[in-house]
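Novice: Below is the structure, and that's it, no one-letter string:
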């Protein structure tokens, strides 16, 4: 007679627990006001685990932001994969934003918030700059695919819309800010493609 063996749930690594705690606490609060002791306590790990895994609080902050960027890329890419036309893909970025802003606990763009707290030239600021560059490059490529006369100029405008919607959503407008930004993006895209015709 065979007996079922109970399989214990796999315990997450100290790295995963630290990143999960950092994601919650840094996003709820701020990268500089949340102390490392709170992160360690939330993660349920020894202080040595943080330094063995990341080496410093700054490295943990960088890892937190890099994980957020990877999640954002995956979320936006998944949304764009459902879009049929280049126009829909460009506007789909704002649809993905609306989904995020509608979720409980939305507190704005983690990169804008971290960049505002960081000095130029620091590794944390560098991660934020990379995230902004990725967004601008994404909009430039989508604008080019949609037939914009000047994809770089349209991308600059779209980044402003994206950032403004994020701040507006954080300050109380919620996901309606993303809806309004999408409507304005459609107008800008129409104007940019009309110039190309």
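Specialist: Alright, I've got the coordinates. Since we're looking at a predicted model, the values are computed, not measured. Numbering: from 1, shown residues only.
Novice: Look up phi and psi at the residue most central in space within the chain.
Specialist: Nearest residue to the geometric centre of the chain (CA atoms, centre = their mean): residue 72, 4.4 Å. Main-chain torsions, residue 72, degrees, to the nearest 10: phi -60, psi -40.
Novice: so which strand or helix has the closest residue to it other than its chain neighbours?
Specialist: Closest residue to residue 72 in three dimensions, ignoring its sequence neighbours and counting by CB to CB, 6 or more residues apart in numbering: residue 131, at 7.6 Å. Glycine gets a C-beta too; all of them are placed from N, C-alpha and C. Under the criterion of DSSP states H and E, residue 131 resides in helix 123-145.
Novice: What of residue 30?
Specialist: Counting by DSSP H and E, residue 30 is held by no secondary-structure element, helix or strand.
Novice: So it sits against residue 115, correct?
Specialist: No - between residue 30 and residue 115 there is no contact under CB atoms under 8 Å: 12.0 Å.
Novice: And the helices in the protein?
Specialist: According to DSSP state H, the chain carries its helices in the segments 14-28, 36-43, 47-53, 57-80, 86-102, 110-117, 123-145, 151-168, 176-196.
Novice: can you list these in JSON lines and add mean pLDDT?
Specialist: Below are the helices of the chain laid out as JSON lines (pLDDT from 0 to 100):
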{"stretch": "helix 14-28", "mean pLDDT": "93"}
{"stretch": "helix 36-43", "mean pLDDT": "94"}
{"stretch": "helix 47-53", "mean pLDDT": "90"}
{"stretch": "helix 57-80", "mean pLDDT": "95"}
{"stretch": "helix 86-102", "mean pLDDT": "96"}
{"stretch": "helix 110-117", "mean pLDDT": "91"}
{"stretch": "helix 123-145", "mean pLDDT": "96"}
{"stretch": "helix 151-168", "mean pLDDT": "96"}
{"stretch": "helix 176-196", "mean pLDDT": "94"}
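Novice: thinking again about what came up before, comparing residue 30 and residue 115, which shows the higher neighbour count?
Specialist: When neighbours are counted by other CB atoms under 10 Å, residue 115 comes out ahead of the other of residue 30 and residue 115, with 20 against 14.
Novice: where's the residue nearest to the centre of the chain relative to residue 88, distance?
Specialist: With the distance defined as CB to CB, to the nearest Å, residue 72 ends up 19 Å from residue 88.
Novice: Check residue 66 too.
Specialist: Residue 66 sits 29 Å away from residue 88 when distances are taken as CB to CB.
Novice: what's the helix holding residue 131 packed up against?
Specialist: Helices and strands touching helix 123-145, by 3 or more CB pairs under 8 Å, 6 or more residues apart in numbering; DSSP states H and E, are helix 57-80, helix 86-102, helix 110-117, helix 151-168.
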